[in-house]
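Trainee: got a predicted model here, sequence first, then my questions.
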There are 2 protein chains.
Amino acid sequence: MAYRSTERVKARLSASRQRIITAALEIMAGHGYAGCSVAAVAERAGVATGTVYRHFPTKADLFAEVFRTASQREVDAVARAAAQRTTVAAQMAAVVETFAGRALQSPRLAYALLAEPVDPAVDAERLTFRRAYADLIAGHVAAGVASGELPAQDPELTATALVGALAEAMVGPLAAGVAGPGTIPDLIRFIHRALGVSP
Amino acid sequence: MAYRSTERVKARLSASRQRIITAALEIMAGHGYAGCSVAAVAERAGVATGTVYRHFPTKADLFAEVFRTASQREVDAVARAAAQRTTVAAQMAAVVETFAGRALQSPRLAYALLAEPVDPAVDAERLTFRRAYADLIAGHVAAGVASGELPAQDPELTATALVGALAEAMVGPLAAGVAGPGTIPDLIRFIHRALGVSP
DNA sequence: GCAAGGACTGAATGGTGGTTCACTTCTTGG
DNA sequence: CCAAGAAGTGAACCACCATTCAGTCCTTGC
């Protein structure tokens, strides 16, 4: 045997794979999923289209990973912001502010992640994205119920419904490019009421 | 001139057009939007594919109308159910029960109308669907705020968020085919809290 | 019955874009 | 430097389907 993959090659492969994912993310942020042909991603990553298929079996697999990466980043940011607060009320305010703030910062990407039409296989990844948010929120809600800060309720259902409310409330502003100044505070008030935070 | 379209022909044309819409709806209810090739719709309607294009300029136009028809039916049913109640609390309970009940009755269709990936042009029609629900809810909320049954709030934002909550809460059950027995009552409680209905 | 003109047909067309693969280039151990 | 084998290339391929259109069938008023 005259060839065995070495560390240096492994690193280059991994870097190449990463560049493809990054390129896909950048195109999504600029032109949405609709602008993400495999050829365009490859060109931006500086590789040939065929090379994309050395790293991902299908386009759907590539974008499943792209969605996973982007989602993780968003969920982490929101989780980090919430973790710095002590009451559930403050935690949920942080969730809304962070989620909405970041979405409005990159509206095209947020739209792609939240609502843009995509292949069914990629759509499935979106479910886990929303699920991750729901889990995050459900954790805080359950803690709030346990501590008595919130009234008794099903944390899962509350969290799911809140994720839907948050996403739906952002679709309009994302399409418009900006949110009215009252939107975020109003949304926080809505969510506090929905949680049963005592006024 | 030896030919002028007569009533009988007009009626046949209109019936044919209607059959195409109905066929599309039936296929959506059975196999989702994904199963709705023009050829499949035409076959089910008992016409040739070309005939579809004598009634609709493009597939997107056909499905815009299909979505509009189906949506209107849903919104009307929900509006009718809500109109029979007198308090906002009862009206919103009726909204949830009717919306969720009907969705669970035809889960595939509900999924197609709510969340399935579709052409952007058809997706736009979906926005008006959600908008119609939001307007319906916003009307009741505004009345409730005016009468003092609900605390001060932006009825538009509340309604939008509630539509999102409702839709999101249904996606899981729709995928599963059934909702847990507590889902609908819990959802009603959630929505009552979110509206600020006094307990 | 017949001419005019619309309705209907469905096989052929065409555009799109994901996927492949024969070939080239690079990497490795000896 | 060489042979073996992997990585990279990108033009060609192909499947899928919406859309078209030349030919056929119907309907109408005379």
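Mentor: Structure received. Numbering: from 1, shown residues only, chains lettered A, B, ... in the order given.

Trainee: secondary structure class for the most centrally placed residue in chain A?
Mentor: Nearest to the mean C-alpha position of chain A, by C-alpha atoms, centre = their mean, lies residue A:71 at 2.9 Å. Following DSSP: H, G, I helix; E, B strand; the rest coil, we place residue A:71 in the helix state.

Trainee: quick one, what contacts the spatially closest residue to it that is not a sequence neighbour?
Mentor: Spatial nearest neighbour of residue A:71, excluding adjacent residues (C-beta to C-beta, 6 or more residues apart in numbering or on different chains): residue A:129 at 3.9 Å. For every residue, glycine as well, the C-beta is placed using N, CA and C. Neighbouring residues of residue A:129 by C-beta atoms under 8 Å, 6 or more residues apart in numbering or on different chains: A:67, A:71, A:74, A:75, A:113.

Trainee: how close does residue A:129 get to DNA strand D?
Mentor: Per C-beta to the nearest atom of the strand, to the nearest Å, residue A:129 is found 26 Å from DNA strand D.

Trainee: report the next helix or strand after whatever helix or strand that residue lives in in sequence order.
Mentor: Taking DSSP states H and E as the definition, residue A:129 sits inside helix A:120-147. Next in sequence after helix A:120-147, counting helices and strands by DSSP H and E, comes helix A:155-176.

Trainee: so that next one, near chain B or not?
Mentor: Yes: judged by C-beta under 8 Å from any C-beta of the partner chain, helix A:155-176 comes into contact with chain B through A:157-158, A:160-169, A:172.

Trainee: just the angle between the helix holding residue A:129 and helix A:155-176, please?
Mentor: Taking axes from the mean of the first three to the mean of the last three C-alpha atoms, to 10 degrees, one finds helix A:120-147 and helix A:155-176 inclined to each other by 130 degrees.

Trainee: buried stuff in helix A:120-147?
Mentor: A:122-123, A:125-126, A:129-138, A:140-142, A:144-145 (16 or more other C-beta atoms under 10 Å in any protein chain shown).

Trainee: what does stretch A:89-96 give?
Mentor: In stretch A:89-96, counting by 16+ other C-beta under 10 Å, buried: A:89, A:91, A:92, A:93, A:94, A:95, A:96.

Trainee: pull the contacting residues for the last one.
Mentor: The reference is to residue A:96. A:166, A:184, A:187, A:188, A:191.
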